[in-house]
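Visitor: Show me the folded form of this:
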Amino acid sequence: MFHLKDGHILKTAVPNKEEPMPSTVVEMLSGILRLFPNMMMITLFVVGMATGKIPWILIALGGFVVALATISFQYVASKIGGDRTIPGFDVVEACSLIPPMKGDDYVYTPSLWVALTTFFLTYILVNATNIYTAKGNSRDVMAIQQRKGIGMISIFSVVILFLFLMIARYFTNCEQIAGMIFGALIGGGIAYGWWQLLSACGADVYPDIHGVMIGLGPASLRIDKPVICMKK
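Guide: Here you go, the predicted model:
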């Protein structure tokens with residue numbers, strides 16, 4: 001590009017226009033967002049089976065429980081009445097976690113995506129809180145500080161990720177506020193109950209997805225509540 005200044009011809013650079021993000025990248029990111037719960041469930045189960053991590057397998061099974069419970073609530077909600085679905089194959093294909101079939105409608109109350117996402121992140125949050133607040137002997141100062149650090153980092157990470165995912169999901173127009181709240185209550189409630197159940201049946205072993213508590217050894221932990229599922 002050229003322009004005239006004081007009788008001289010000067011050459012200036014042409015500013016580059018910002019190019020839009022390639023559609024393939026956008027589609028990839030939207031696909032990761034849409035399938036986040038599925039990826040969590042499959043990854044935890046497959047990697048858990050491959051590496052022998054029992055807590056990972058158990059939390060993946062908890063995801064199946066959440067899916068069944070949410071679908072059951074969706075069925076009940078459909079019988080109660082009211083418009084809780086969005087028709088159209090394209091909507092189902094863009095929003096649903098379940099492979100679409102011709103003639104299906106997308107059910108958003110309660111939201112299966114929100115229920116599963118809330119389940120996994122709430123479970124990790126509950127476990128991280130337990131790691132941070134667990135009591136130990138004073139001689140294990142270094143182990144306690146490491147445990148608290150892992151717990152604190154995990155708590156902040158989960159909260160930030162949860163907010164990011166929920167806000168991004170809402171702006172996809174796949175969700176309604178009522179469906180998100182109902183789904184979050186289902187996922188969060190089952191997550192807390194699932195963690196408590198696994199903790200009762202194998203305290204500091206089965207529920208610990210972080211793998212921190214078992215590494216401290218029995219001598220550094222103090223159990224001050226009854227365990228109902230462990231063998232005597």
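Visitor: Counting residues, which helix of this protein comes out longest?
Guide: Longest helix in the chain by number of residues (criterion: DSSP state H): helix 141-170.
Visitor: right, and the helix or strand after that helix?
Guide: Moving toward the C-terminus from helix 141-170, the next helix or strand (DSSP states H and E) is helix 177-201.
Visitor: can you give me the helices in this protein?
Guide: 23-34, 36-51, 54-80, 89-95, 112-133, 141-170, 177-201, 213-216.
Visitor: Out of those helices, flag the one nearest Y106.
Guide: helix 89-95 (4.7 Å; C-beta to C-beta). In this view, the C-beta of every residue, glycine as well, is placed from N, C-alpha and C.
Visitor: what's the average pLDDT for stretch 53-64?
Guide: Stretch 53-64 shows a mean pLDDT of 92.
Visitor: Tell me which residues of that stretch come out buried.
Guide: K53, P55, W56, I57, L58, I59, A60, G62, G63 (16 or more other C-beta atoms under 10 Å).
Visitor: Looks like the second one contacts D208 (just checking).
Guide: Yes: here P55 lies in contact with D208, judged by C-beta atoms under 8 Å, at a distance of 5.6 Å.
Visitor: any chance of the helices of the chain in JSON lines, plus distance to Y106?
Guide: Output for the helices of the chain, formatted as JSON lines (distance: least, C-beta to C-beta, whole Å):
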{"stretch": "helix 23-34", "distance to Y106": "12"}
{"stretch": "helix 36-51", "distance to Y106": "15"}
{"stretch": "helix 54-80", "distance to Y106": "11"}
{"stretch": "helix 89-95", "distance to Y106": "5"}
{"stretch": "helix 112-133", "distance to Y106": "10"}
{"stretch": "helix 141-170", "distance to Y106": "13"}
{"stretch": "helix 177-201", "distance to Y106": "10"}
{"stretch": "helix 213-216", "distance to Y106": "40"}
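Visitor: out of these, deepest packed?
Guide: Among these, helix 112-133 has the highest mean neighbour count (mean count of other C-beta atoms under 10 Å), at a mean of 23.
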